[in-house]
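Provided below for reference: sequence and predicted model.
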Amino acid sequence: MTAENRIPKDAHNNCWQQRMETSKSIKPALDRIERPVAKYLKGQGFEKKGRTYNRIVEQDLVQVINFQSGTFPIGQYEIPGIRESKYGTFTINFGVAIPEVYHVTSPKFPIPLFWKEYQCQIRERLGVLLYKKDHWWTITDDSENISKE
């Protein structure tokens, strides 16, 4: 890489500075949206790690719910119509894990003690179940109405 092709160090630092400042407002807003849902899920027997919830229904079946926030765009991230920026938005992923199936399909890996949504054999997003298409909600301070939805 030649000197003229390099990203100036101050531009790189500014990008990370902007990311940190923006994430300071996004994370608490998503926390406020998630909080009443978390309270409800806890009452239903779900355990929480990060933004993921697990509930063992039977010894051989685990329900998984995950709040996924859009990633911070870096560089030429957005390509209209192909790769849209999801920053400032979130979606909810559902999964059902079947440990016996996981053991057969991933024999080199131990069965997780706490399941991530992407490890599940059955997966879907809330938007697809509600609207028949992928849907990302905007992270706003109107957390009460978003949580009710």
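Great, that's in hand. This one's a predicted model, so the numbers in the text were calculated from it and none came from an experiment.

Could you give the number of residues near residue 113?
7 (other Cβ atoms under 10 Å). To be clear about C-beta, it is placed using only N, CA and C from the backbone, and glycine gets the same treatment.

Which helix or which strand is home to it?
Counting by DSSP states H and E, there is no helix or strand that carries residue 113.

So residue 128 sits against residue 136, correct?
No - the pair residue 128 / residue 136 is not scored as a contact, 11.7 Å apart, by Cβ atoms under 8 Å.

Give me the more crowded residue out of those two.
residue 136 (17 against 13).

give the contact list for the more buried one.
Applying Cβ atoms under 8 Å, 6 or more residues apart in numbering, we find residue 136 in contact with 70, 86, 89, 90, 91, 127.

hmm, 6 Å instead?
Counting by Cβ atoms under 6 Å, 6 or more residues apart in numbering, residue 136 makes contact with 86, 89, 91.

For residue 62, see how far away the closest residue to the last one other than its chain neighbours is.
Taking Cβ to Cβ, 6 or more residues apart in numbering, and ignoring the residues beside it in sequence, residue 91 has residue 136 as its nearest neighbour in space, at 4.9 Å. Distance check for residue 136 against residue 62: by Cβ to Cβ, to the nearest Å, it reads 25 Å.

So which bits of stretch 40-52 are buried?
Neighbour counts over stretch 40-52 (16 or more other Cβ atoms under 10 Å) mark 41, 46, 51, 52 as buried.

Hmm, the third one is touching residue 67, no?
Right, the one you point to is residue 51. Yes - with contacts counted by Cβ atoms under 6 Å, residue 51 reaches residue 67, the gap being 4.1 Å.
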